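>>> coordinates for the following, if possible.
(one chain, ligands or ions: 1)
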Amino acid sequence: MSVTIAEFAGACFGVERALDIVLEQAEQKANVVTLGPLIHNPKVVADLDAKGVRVVKDPEDTDDATLIVRTHGVVPQIIDRARALGHDVVDATCPYVKKVHLAASRLKSEGYQVIIVGEGGHPEVEGIVGHAEGAWVVGSVAELEGKRLPKKVGVVVQTTQSQELLCEVVSYLCTHCENLKVINTICQATSERQAAAKKLASDCDCMVVIGGKNSANTTRLYEICLQSCTNTHHIETSDELRVEWFKGCNRIGITAGASTPQKHIQIVKSAIDNLVA
Ligand code: SF4
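Here you go, the predicted structure:
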């Protein structure tokens, strides 16, 4: 029996960068807080809490803090409000998310109706909307059907969305609007992890997907793996592993969302190695 980690899995550039920023601030300053959980990974958030980094929901929830804006980004008004309250704002928004902000804002200023292909209510999507007021958020083609479309439509994408959904939405828009501009803002880290997970899952009889249950990109990896391997399981920590998942398996695959540190992947791999030994 072999246990293989997908070629691309786990913490991406944006998450590693944000973690480095927070840890550096926590070493130097007393009251360091993150505006919302830094990333969608409860284990990482708990580790930061143990180092004194608290999570606040709103800039008003703390005084005189070093306030970290997380990888997902926020609407610009929140940063303005935090600064007005006297906080030292440290922006850990992933540079790739910032690119989406810029793209959406440019499309709006060029007169396009901005469509964000993404999950309504997700913090990253809310942040993008904040940079292109009036943007529509579309999570499926069905949400566009029957809708009257303006002549100029500009599309950007939540960084963690699947290429398949973008293609479906764009193919619908191609036949329903006159002037369509598409800026594919899916992050390469996401595409690489999805492609590697799909390849590995098609070759395995059990897949373990590691990452926060509240993480959009991890849930997407789980769905992708499930399409090729029905024996797929989404876990946050090694405590959730069950020996019966691996009975009769020849090849076990592991992948992890972009918010899962590499050391967590190694912990899960060792736990599986022990369970099947
Ligand atoms: S998945 Fe991509 S966009 Fe999101 S934090 Fe990681 S590098 Fe940035």
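
>>> only C-alpha atoms from now on, for both contacts and neighbour counts.
OK.

>>> tell me which residue is most central in this protein.
Nearest to the geometric centre of the chain sits Asn217, at 4.7 Å (Cα atoms, centre = their mean).

>>> which SSE is that one in?
Using DSSP states H and E, the element containing Asn217 is helix 216-228.

>>> for that helix, packing partners?
Secondary-structure packing of helix 216-228 (3 or more Cα pairs under 8 Å, 6 or more residues apart in numbering; DSSP states H and E): helix 188-201, strand 206-210, strand 232-235, strand 251-256.

>>> tell me the most buried of those?
Ranked by average neighbour count under the criterion mean count of other Cα atoms under 10 Å, the helices and strands packed on helix 216-228 are headed by strand 206-210 at a mean of 27.

>>> can you list the strands that it pairs with?
According to DSSP bridges, strand 206-210 has the following sheet partners: strand 232-235 (parallel), strand 251-256 (parallel).

>>> show me what counts as buried in stretch 46-57.
Residues of stretch 46-57 classed as buried by neighbour count (16 or more other Cα atoms under 10 Å): Leu48, Val53, Arg54, Val55, Val56.

>>> next: stretch 102-121.
Buried-residue list, stretch 102-121, by 16+ other Cα under 10 Å: 103-108, 112-119.

>>> re the thing from before, for the helix holding Asn217, C-alpha coordinates in CSV please.
Provided in CSV are the C-alpha atoms of helix 216-228 (Å, rounded to 0.1, in the frame of the first residue of the first chain):
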residue,chain,number,x,y,z
ALA,A,216,-13.9,27.2,0.0
ASN,A,217,-10.8,26.0,-1.8
THR,A,218,-10.5,22.9,0.4
THR,A,219,-14.2,22.0,-0.2
ARG,A,220,-13.6,22.4,-3.9
LEU,A,221,-10.7,20.0,-3.7
TYR,A,222,-12.9,17.5,-1.9
GLU,A,223,-15.6,17.8,-4.6
ILE,A,224,-13.0,17.3,-7.4
CYS,A,225,-11.6,14.2,-5.7
LEU,A,226,-15.0,12.8,-5.0
GLN,A,227,-15.8,12.8,-8.8
SER,A,228,-13.0,10.3,-9.4
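
>>> near the ligand, which residues of this protein? Just list them.
Within reach of the ligand by Cα under 6 Å from any ligand atom, the chain has these residues: 12-15, 71, 94, 96-97, 159, 187, 189-190, 258.

>>> just checking, the residue nearest to the centre of the chain touches Ala256?
No. In this structure Asn217 lies outside contact range of Ala256 using Cα atoms under 8 Å: 9.2 Å.
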